[in-house]
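> whatever this is, show me its structure:
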Amino acid sequence: MRKLHKFIVGLFTSAVYFFQTPLVHAQTFKDCGKDKVWSPDFQLCIPTDAPGFTSTLYQVGLALIGFVAVLFLILGGYNIMMSRGNLEQFEKGKSFIFYSIAGLLLAIFGFVFIEIITGDIANLPGFGR
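Residues are numbered from 1 along each chain as shown. Coordinates of the predicted model:
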């Protein structure tokens, strides 16, 4: 368990360094054009209209969900490799992998469903291509 703790702390520290580096050297202001505002925290232009803001927020959320899913895939694989015949730990690792893939697929299909309903079927202004 101590090795797992060191692994998670090391992975978290690497992730913090990786995501912090662009923010340190970020521009404080960027001209995004009409109807958009620069966000130095996320390093992107955020639309000021409701559909554009929702779409951008969902994309940022999907990126976060993807990062967490990959983290739990790694953790589940680690649990399976270190189970050493312990069926309880093997099942725990297997469930980590299954639920991380299921959660990622639900998030992706939710985004696709929203895009199809709002853009292609309902033709709501601001959504679609």
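
> and stretch 57-68, what's buried?
residue 65 (16 or more other CB atoms under 10 Å). Every residue, glycine included, has its C-beta placed from N, CA and C.

> show me where this protein dips below the pLDDT cut-off.
Along the chain, the parts satisfying pLDDT under 70 run over 1-2, 4-29, 42, 125-129.

> check which element follows the longest helix along it along the chain.
Longest helix of the chain, by residue count under DSSP state H: helix 50-81. Per DSSP states H and E, the first helix or strand lying C-terminal to helix 50-81 is helix 87-115.

> let me know the angle separating that following helix from helix 50-81.
160 degrees (axes from the mean of the first three to the mean of the last three CA atoms, to 10 degrees).

> my read: residue 101 touches residue 73, true?
Yes - with contacts counted by CB atoms under 8 Å, residue 101 reaches residue 73, the gap being 7.4 Å.

> any idea how far residue 49 is from residue 110?
21 Å (CB to CB, to the nearest Å).

> next: residue 93.
44 Å.

> repeat that for residue 90.
50 Å.

> okay, the two: which has more neighbours?
residue 90 (16 against 12; other CB atoms under 10 Å).

> ok, now which ones touch the more buried one?
Neighbouring residues of residue 90 by CB atoms under 8 Å, 6 or more residues apart in numbering: 79-80, 83.

> that one and residue 84, how far apart?
Distance from residue 90 to residue 84, by CB to CB: 9 Å.

> can you check residue 30 too?
52 Å.

> again with residue 50
Distance of residue 50 to residue 84, given as CB to CB: 53 Å.

> check residue 118 too.
For residue 118, the distance to residue 84 - CB to CB - is 50 Å.

> more crowded one of these two?
Neighbour count, other CB under 10 Å: between residue 118 and residue 84, residue 118 has more, with 18 against 7.

> now do the SS call for the more buried one.
helix (DSSP: H, G, I helix; E, B strand; the rest coil).

> I figured it hits residue 124, correct?
Yes - counting by CB under 8 Å, residue 118 does reach residue 124; the two are 4.8 Å apart.

> list the buried residues in stretch 112-121.
118-119.
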